[in-house]
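Novice: test case, fold it:
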Amino acid sequence: MKRTNLLYWIFTSLFAALMLLSAIPDILESEETVQFINTNLGYPDYFTPFIGVAKILGGIAILIPGFPRIKEWAYAGLAYDLFGALYSIICIKAVFTDWIFMLLPISLGALSYIFYHKKLKHDLSSLHQ
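Specialist: Below is the predicted model of the structure:
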């Protein structure tokens, strides 16, 4: 259990940090972020700060112990964000090297989610003993 718990917190901390840090330019509407999201990808102006706030809320939700239903929604929302970003980048005919970096946050999110469920299963089984 110690190994599962340690891996869960490592992957979850890295994933949450990545999502929280990526939210800062969105919320501040940095020139580079607005250029990429609004001009290159074609999303409306109001989308950038919205997605930034959503990433912050999701990152916080996966870090707070308990609240399994909220955590599930947060994981789902962050996955939609990441896969939507990946799909959007591919749709603008970006070259492989422009979108391969998306595999890092997707992998961290998947590992965090997998170990969350392993940890949850162990926690629930120890309650029933």
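
Novice: excluding chain neighbours, what is closest to Ser13?
Specialist: Closest residue to Ser13 apart from its sequence neighbours, by CB to CB, 6 or more residues apart in numbering: Leu63 at 7.6 Å. All C-beta spots, glycine's among them, are computed from the backbone N, C-alpha and C.

Novice: can you give me the strands for this structure?
Specialist: Using DSSP state E, the chain contains no strands.

Novice: where exactly do the helices run in it?
Specialist: 2-28, 31-34, 47-63, 68-91, 96-99, 103-127 (DSSP state H).

Novice: and these, which one's lowest on average pLDDT?
Specialist: Ranked by mean pLDDT, the helices of the chain bottom out at helix 96-99, with a mean of 80.

Novice: centroid residue for this structure?
Specialist: Centroid-nearest residue in the chain: Leu78, 3.9 Å away (criterion: CA atoms, centre = their mean).

Novice: what's the burial count for the closest residue to that one other than its chain neighbours?
Specialist: Nearest residue to Leu78 in three dimensions, chain neighbours excluded: Gly58, at 4.5 Å (CB to CB, 6+ apart). Applying other CB atoms under 10 Å, we find 27 residues neighbouring Gly58.

Novice: test my guess that Gly58 contacts Leu18.
Specialist: No. Taking contacts as CB atoms under 8 Å, Gly58 lies outside contact range of Leu18: 11.4 Å.
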